[in-house]
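Trainee: sequence plus the predicted model coming up.
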Amino acid sequence: MAQTETTNLQALEQLAEGHRKILDEIRKVIVGQDRLIDELLTALFANGHCLLVGVPGLAKTLLIHSLAELLELRFSRIQFTPDLMPSDITGTEILEEDRTTGKRAFKFVQGPIFANVVLADEINRTPPKTQAALLQAMQERQVTAGGQTWDLTPPFFVLATQNPIEQEGTYPLPEAQLDRFMFNVQVGYPSQEEEISIVNRTTGSEKPSLRRVLSGEDIIRFQELVRRVPASPFVVDYAVRLARATRPGQGGPSIPAVQQYVSWGAGPRASQFLILGAKTWAALNGSVAPSCEDVRRVARPVLRHRVVTNFSAEAEGVTPETLIDQLLDAIPEAPEKK
């Protein structure tokens, strides 16, 4: 038992050191966006998926491609369009002839989903049938084609992007499919100082080179390690109470804003991701166990796409982010004594 604990502590130190090295390398090509980078890495090591919401031109693709490069992962980008078919993502069967025997047989040609890091660009611009093909692969980490099931090689990490401005001709993801994303990450504009640095870097002739930090095998090992990080009953209780507080009329703590503005709250998967995200964030920063503060740190990306507001909220400009902030202020870390 003692030897196992020592091994786990050494692995946690290696993970924290790898995290620092990743940040050092990423900052060679990305200016600012510290919260975005932290949340992407948290989802990656938690073995979850991310939905990135932000206007074009904020270096989302560059960040994801750079992350795949320094982690020695196979990268694939899928540009979602209205005419994209499910087979364009998963792959298709072709009729192939053997030149020596003359016999013909069907051969499966893998699609771009067969990668370690998949960027699904503007996922809401393709019909639900094609969206479902990607989301099925995300959930089951398998692809079924031609009557056969193909396993996707771990680690498998999907990052889908949405443009929050242009909504014409789009197919919004249903709540049940949004729920499969561990995090909803908001990508904001850089500050003035950061933008000056971006312009100076990108208009010069110098191109930084990235040093490989971790391998795919290392990531799988650290993903398994995160699952072994213990979470105290106190922290689990806080995460569950926080998730339950988003549900109007479900017997949780009565928050007036939730009762007034929320149609549907977060399901049990939110509680799971709050704990898993807190475990990962704690491990990345060298802690041996998550705290309530770690749960609070991941609450916004976990909950913002799981809280469905009603018409009153839309009319009064109340966003899920506003409600989550109120919940974080209202829900005490220690449960109330009965």
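Mentor: On my side now, so go ahead.

Trainee: alpha carbons only for contacts and neighbour counts from here, please
Mentor: OK.

Trainee: can you give me the helices for this structure?
Mentor: 2-26, 34-45, 60-70, 86-90, 128-140, 175-178, 192-202, 216-228, 233-244, 256-261, 268-284, 292-303, 311-316, 320-330 (DSSP state H).

Trainee: didn't Ala266 look like it was pressed against Arg241?
Mentor: No - in this structure Ala266 lies outside contact range of Arg241 using C-alpha atoms under 8 Å: 11.3 Å.

Trainee: ok, back up a step: can I get the helices of the chain in TSV with distance to Asn184, mean neighbour count and mean pLDDT?
Mentor: Shown next, in TSV, are the helices of the chain (distance: least, C-alpha to C-alpha, whole Å; neighbours: other C-alpha atoms under 10 Å; pLDDT from 0 to 100):
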stretch	distance to Asn184	mean neighbour count	mean pLDDT
helix 2-26	21	16	82
helix 34-45	9	20	92
helix 60-70	14	19	86
helix 86-90	22	19	89
helix 128-140	15	17	86
helix 175-178	9	13	80
helix 192-202	23	13	87
helix 216-228	20	18	92
helix 233-244	15	20	94
helix 256-261	20	16	89
helix 268-284	12	25	95
helix 292-303	5	22	96
helix 311-316	19	12	91
helix 320-330	11	16	92
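
Trainee: possible to save the ones you listed as a markdown table with distance to Glu97?
Mentor: Putting the helices of the chain into a markdown table (distance: least, C-alpha to C-alpha, whole Å) gives the following:
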| stretch | distance to Glu97 |
| --- | --- |
| helix 2-26 | 46 |
| helix 34-45 | 41 |
| helix 60-70 | 36 |
| helix 86-90 | 21 |
| helix 128-140 | 29 |
| helix 175-178 | 40 |
| helix 192-202 | 49 |
| helix 216-228 | 35 |
| helix 233-244 | 56 |
| helix 256-261 | 62 |
| helix 268-284 | 48 |
| helix 292-303 | 50 |
| helix 311-316 | 59 |
| helix 320-330 | 56 |
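
Trainee: for the ones you listed, which one sits closest to Ala105?
Mentor: helix 86-90 (18.7 Å; C-alpha to C-alpha).

Trainee: circling back: the helices of the chain: which one's closest to Ile78?
Mentor: That would be helix 86-90 among the helices of the chain, by C-alpha to C-alpha, at 7.5 Å.

Trainee: tell me which other helices or strands the closest one touches.
Mentor: helix 128-140 (3 or more C-alpha pairs under 8 Å, 6 or more residues apart in numbering; DSSP states H and E).

Trainee: can I get the helix it packs on in PDB? Just the C-alpha atoms.
Mentor: Extracted C-alpha coordinates of helix 128-140, given in PDB (Å, rounded to 0.1, in the frame of the first residue of the first chain):
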ATOM      1  CA  PRO A 128     -28.000  16.900 -37.000                       C
ATOM      2  CA  LYS A 129     -27.300  13.500 -38.800                       C
ATOM      3  CA  THR A 130     -23.700  14.400 -39.300                       C
ATOM      4  CA  GLN A 131     -23.400  16.000 -35.900                       C
ATOM      5  CA  ALA A 132     -24.700  12.700 -34.400                       C
ATOM      6  CA  ALA A 133     -21.900  10.700 -36.200                       C
ATOM      7  CA  LEU A 134     -19.200  12.800 -34.400                       C
ATOM      8  CA  LEU A 135     -21.000  12.800 -31.000                       C
ATOM      9  CA  GLN A 136     -21.500   9.000 -31.100                       C
ATOM     10  CA  ALA A 137     -17.700   8.600 -31.600                       C
ATOM     11  CA  MET A 138     -17.100  11.000 -28.800                       C
ATOM     12  CA  GLN A 139     -19.300   9.100 -26.400                       C
ATOM     13  CA  GLU A 140     -18.500   5.500 -27.400                       C
END
